[in-house]
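Trainee: just to be clear, the model below is a prediction. Sequence and coordinates:
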Amino acid sequence: MQPLIDHARSFGQRPEEFAGLAAGQSPEVLFITCSDSRVVPALITGARPGQLFELRTAGNIVPPHGAGRPSGEAATIEYAVEVLGVRDVVVCGHSHCGAVGALVRGDDLTAVPAVRDWLAQAADAPAGGDPADPAVAGAVQHHVLAQLLRLRSYPCVERRLAEDRLRLRGWYYEVHTGTVREHRAATDAFEAL
């Protein structure tokens with residue numbers, strides 16, 4: 001923890017770099033990804049403060065719209081699309097994902113009921129998963145596409161897509177290589193950016 005504290009202390013010693021951020025934010029991208037500590041959106045994209053609006057959830061799950069109660073995830077999506085006017089939404093899954101791996105393997109999650117209940121929102125168990133593959137690549141990629149489909153059920157997303165004012169993108173990040181792949185509709189495959 002001490003190296004993190006030391007960096008935080010020195011971070012604020014360059015106020016000229018951050019003064020303009022006080023005027024507001026206008027990110028072009030909502031980046032939805034997993035809470036996994038190995039996935040760092042700004043590191044992956046090279047984004048500077050103010051360029052990405054992030055939503056991080058266990059397993060990069062987008063909960064169903066209108067699930068009967070407000071959620072922070074739905075509020076974040078709506079705010080990014082309606083208020084900030086992002087032009088792109090990226091759902092970024094990653095290799096070695098514990099959440100997707102648990103779904104593929106059918107892990108017993110009774111000891112962690114909040115995790116179990118959260119993962120139950122993932123829709124169907126991701127297809128294409130080999131329980132013996134620690135990277136669960138195929139399952140993660142299928143899961144990313146399922147979350148993109150779920151995003152389309154949000155009225156604000158549906159409307160902006162119809163107006164051609166929003167693009168949805170599916171990414172797959174390999175934590176062991178740093179490679180990022182994007183889903184291409186023409187080939188229905190995840191290919192290098």
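Mentor: Nice, thanks for sending it over.

Trainee: could you pull up the mean pLDDT of stretch 140-159?
Mentor: Averaged across stretch 140-159, pLDDT comes to 95.

Trainee: so which bits of it are buried?
Mentor: For stretch 140-159, a neighbour-count test (16 or more other CB atoms under 10 Å) marks 140-148, 150-151, 154, 156-157 as buried. Any C-beta I mention is one placed from the backbone N, CA and C, and that applies to glycine too.

Trainee: which residues does it contact?
Mentor: Contacts of stretch 140-159 from elsewhere in the structure, counted by CB atoms under 8 Å, 6 or more residues apart in numbering, are 32, 59-65, 74, 77-78, 81-82, 89, 91-95, 97, 100, 103, 122-124, 126-129, 161, 166, 168, 170-172, 183, 190.

Trainee: show me the residues you listed that map onto helices.
Mentor: Counting by DSSP state H, these place 74, 77-78, 100, 103, 161 in helices.

Trainee: nearest to G178, of those residues?
Mentor: Distance to G178 across the ones in helices among the contacts of stretch 140-159 (CB to CB) is lowest for V100, with 19.3 Å.

Trainee: H176 belongs to a strand?
Mentor: No: the assignment for H176, made by DSSP: H, G, I helix; E, B strand; the rest coil, is coil rather than a strand.

Trainee: residues in contact with the closest residue to it other than its chain neighbours?
Mentor: Counting by CB to CB, 6 or more residues apart in numbering, the nearest residue to H176 once its immediate chain neighbours are dropped is S95, at 6.3 Å. Taking CB under 8 Å, 6+ apart, we find S95 in contact with 135-137, 140, 172-176.
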